[in-house]
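Colleague: just a sequence and a predicted model for now, questions to come.
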Amino acid sequence: MPQPPRPPRPARPAHLPPHPHRYPRPRPRPRPQRTRRGRAPDRRRTGRARGGRPRWGVRLAGGLAAAVLGSGAVGHAVVTGLDVGIERVDPFKDMKNRPRAGHGLNFLLVGTDGRDRISREDRREYRLGGAPCHCTDTVMLVHLSADRKRASVVSLPRDSYAELPAHRDESSGEQHGPHPVKLNAAYAEGGPRLTVRTVEQMTRVKIDHYLEVDFTSFMKTVDAMGGVEICTAKALNDRNTGLHLLPGTHRLSGGQALQYVRSRHVDGAADLGRMQRQQRFMAAIVKQATTGGVLLNPVKFKQVSSTLLGSVRADPGFGSEQMLALGQAMRDFAPSSSEFASVPIGNPSFPVKGIGSTVKWDGPKAAELFEAVRQDRPLAPAPGPVRPGRPVQPARPQQPPAVPVDVPPERIRVRVENGTRIDGLGSRVDAALRATGFDTTGTPGNGAGRDVKRTVIAYDPRWDRSARTVSAALPGSELRAVPGRGRTVLVIAGTDYRKVVPVRPEDPHQGRFGVLTGDQVTCGK
């Protein structure tokens, strides 16, 4: 339909200054935009977001946020002022006859019992009653390789047999000669300085930085990270700490994480089992920081850093500059970049008069472990060399992450039966279970019935942990207790069978030092 003619603009009096904006043009009727083949206009074609702003600007902003920690000037701006809240302690003052410096960077990380600084509500909720011991609850030697591509964490049992050097007691002021103690007593008698001296004397590794974390700072840091994800293949219950975790994956808050790393009565492993859980937690922290956006998000990085640095004690040489350098170094970390070991133990119950039972190290193996730290060598065993003349095998396709289980599959005897009319199904299931590590009979048979729809796992209740491991490899299967069956687990394959899920023991220690890498103990995704 033709548009009516536009009325002429009225003449403006000559005595008035020109203000064309006071005489706006009538708004024309909206006309539909023509698009090819009837499609609506696509902002992606123009590269513009709503309001006419270029969408590449959004992408550029995201890229800048990811690179901010790698940029010197901006990175320094992010962490400026974080040093203010750090409580300083100088554990290296007047120290003599120290070990020779090696390669890389060595941190002594200690966790202290600071329950007196926790609110009454938190003490009640997380079972932190009693008086603080003013001793080290955790002692770890953390080595960052010279190329900043690997972190090695060595746990030192707090009940380790130690011989303190001559020192003055910080509490009483009395002078003491050398005498034996448990390692955690070094802090009670001489604070951080005596702790560093004692660890250096025992390991012959020179400590570069000292970090002390108490219960409060630990919980605050975990909460600032948004919690930490932990997975367990078995139920964890400890009346003393109030820890109650069912098998599976859990995201722990700061208080729950404290319960997890403090629990000593989950199993018969006592303090050694607790150290394994602490290592698993450290691996989860590394994974959370490197894959959860903490290191690539400047706001998140500053929040976590300020929480950590504002609630720890550190030596004068560690502050925001070093925190930024660590963040930059760890940006390319993967879970496998961290490795965890415990000092080799010679006698876990070494009696000492007046002290009680202590943990005695295996001297030769411990010396070999700490020599590797000094020489900046990986603790985990390297892959074996390719033999001369043997062709290099092509890379295997990436396998799905293995599910952690309580019992190693190689310890479980399994017999497979075909409960269907599908030819060869029993052989396929037997081979798949054997490929993931189970000790199968290798001679699958036919079941009594041939109309089984859901795969059945028949087991003796005395071997229920083994049955749960088999069930993890066959998700969706039915667990059926059969008293008197014996140790061999029977798998009756049904028509629902699709595949066997890879499984691995929860603590797959490897090599001479029983090393675990971070990817072996974190939750697979």
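Modeller: Arrived safely. Keep in mind that what you see is a predicted model, and the values were worked out from it rather than measured.
Colleague: where in the stretch 251-400 of the chain is pLDDT low?
Modeller: Where the stretch 251-400 of the chain drops to pLDDT under 70, the residues are 267-270, 292-298, 308-311, 331, 382-400.
Colleague: as a check, name the ranges of all helices in it.
Modeller: For the stretch 251-400 of the chain, the helices defined by DSSP state H, counting those that start in this stretch cover 254-262, 270-291, 298-309, 320-330, 363-374.
Colleague: and those helices: which comes nearest Pro461?
Modeller: Checking the helices of the stretch 251-400 of the chain against Pro461 by Cβ to Cβ gives helix 270-291 as the closest, at 24.7 Å. C-beta: built from backbone N, CA, C; applies to glycine.
Colleague: need the strands for the stretch 301-450 of the chain, in chain order.
Modeller: Remark: strands assigned in the stretch 301-450 of the chain by DSSP state E, counting those that start in this stretch are 312-314, 338-342, 345-352, 356-361, 403-405, 413-418, 439-440, 445-446.
Colleague: adjacent strands (with direction) for the last one?
Modeller: This means strand 445-446. Paired with strand 445-446 in the same sheet, following DSSP bridges, are strand 413-418 (parallel).
Colleague: go ahead and name everything in contact with the partner strand.
Modeller: Identification of contacts with strand 413-418 by Cβ atoms under 8 Å, 6 or more residues apart in numbering yields 425-426, 429-430, 433, 438-441, 444-447, 450, 470, 487-493.
Colleague: re the thing from before, include mean neighbour count and distance to Thr198 when you put the helices of the stretch 251-400 of the chain into CSV, please.
Modeller: Output for those, formatted as CSV (neighbours: other Cβ atoms under 10 Å; distance: least, Cβ to Cβ, whole Å):
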stretch, mean neighbour count, distance to Thr198
helix 254-262, 23, 22
helix 270-291, 20, 18
helix 298-309, 19, 25
helix 320-330, 19, 24
helix 363-374, 17, 14
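Colleague: can I get those in a markdown table with distance to Pro99?
Modeller: Listed next are those as a markdown table, based on distance: least, Cβ to Cβ, whole Å:
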| stretch | distance to Pro99 |
| --- | --- |
| helix 254-262 | 29 |
| helix 270-291 | 24 |
| helix 298-309 | 27 |
| helix 320-330 | 21 |
| helix 363-374 | 8 |
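Colleague: mind checking which of these is nearest Ile457?
Modeller: Smallest distance to Ile457 across the helices of the stretch 251-400 of the chain (Cβ to Cβ): 27.3 Å, for helix 270-291.
Colleague: specify the angle between the closest one and strand 338-342 in degrees.
Modeller: Angle of helix 270-291 versus strand 338-342, following axes from the mean of the first three to the mean of the last three Cα atoms, to 10 degrees, is 170 degrees.
Colleague: for helix 270-291, the distance to its chain's centre please.
Modeller: Counting by Cα atoms, centre = their mean, to the nearest Å, helix 270-291 is centred 6 Å from the centre of its parent chain.
Colleague: Thr517: which of the helices of the stretch 251-400 of the chain is closest?
Modeller: Taking the helices of the stretch 251-400 of the chain one by one with Cβ to Cβ, helix 270-291 is closest: 8.0 Å.
Colleague: show the buried residues in the contacts of strand 413-418.
Modeller: Listed as buried from the contacts of strand 413-418 are 425-426, 429-430, 433, 438, 440, 444, 447, 470, 488-493; burial here means 16 or more other Cβ atoms under 10 Å.
Colleague: before we move on, back to that, most tightly surrounded among the strands of the stretch 301-450 of the chain?
Modeller: Among those, strand 338-342 has the highest mean neighbour count (mean count of other Cβ atoms under 10 Å), at a mean of 25.
Colleague: before we move on, back to that, out of the strands of the stretch 301-450 of the chain, flag the one nearest Ala289.
Modeller: Of all these, strand 338-342 comes closest under Cβ to Cβ, at 10.5 Å.
Colleague: can you name every helix or strand that the closest one contacts?
Modeller: Strand 338-342 sits against strand 151-155, helix 270-291, strand 516-517, helix 518-521, with contacts defined as 3 or more Cβ pairs under 8 Å, 6 or more residues apart in numbering; DSSP states H and E.
Colleague: ok now the last one, how far from the chain's centre?
Modeller: Which is helix 518-521. So, by Cα atoms, centre = their mean, the centroid of helix 518-521 is 8 Å from its chain's centroid.
Colleague: ok, and what's touching that helix?
Modeller: Residues outside helix 518-521 that contact it (Cβ under 8 Å, 6+ apart) are 279-280, 283-284, 286-287, 334-340, 404, 504, 506-508.
Colleague: which stretches of the stretch 1-150 of the chain have low pLDDT?
Modeller: Checking the stretch 1-150 of the chain against pLDDT under 70 turns up 1-85, 114, 116-117, 129-133.
Colleague: 80 instead, please
Modeller: When residues are selected by pLDDT under 80, those of the stretch 1-150 of the chain lie in 1-86, 113-135.
Colleague: going by residue numbers, what spans are helices in the stretch 101-250 of the chain?
Modeller: Under the criterion DSSP H, counting those that start in this stretch, the stretch 101-250 of the chain contains helices at 120-125, 185-203, 215-224.
Colleague: make JSON lines out of those helices and add distance to Leu272 and mean neighbour count.
Modeller: JSON lines is the format used below for these (distance: least, Cβ to Cβ, whole Å; neighbours: other Cβ atoms under 10 Å):
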{"stretch": "helix 120-125", "distance to Leu272": "27", "mean neighbour count": "12"}
{"stretch": "helix 185-203", "distance to Leu272": "18", "mean neighbour count": "22"}
{"stretch": "helix 215-224", "distance to Leu272": "21", "mean neighbour count": "21"}
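Colleague: export the ones you listed to JSON lines and tack on distance to Ala101?
Modeller: Listed next are the helices of the stretch 101-250 of the chain as JSON lines, based on distance: least, Cβ to Cβ, whole Å:
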{"stretch": "helix 120-125", "distance to Ala101": "41"}
{"stretch": "helix 185-203", "distance to Ala101": "11"}
{"stretch": "helix 215-224", "distance to Ala101": "28"}
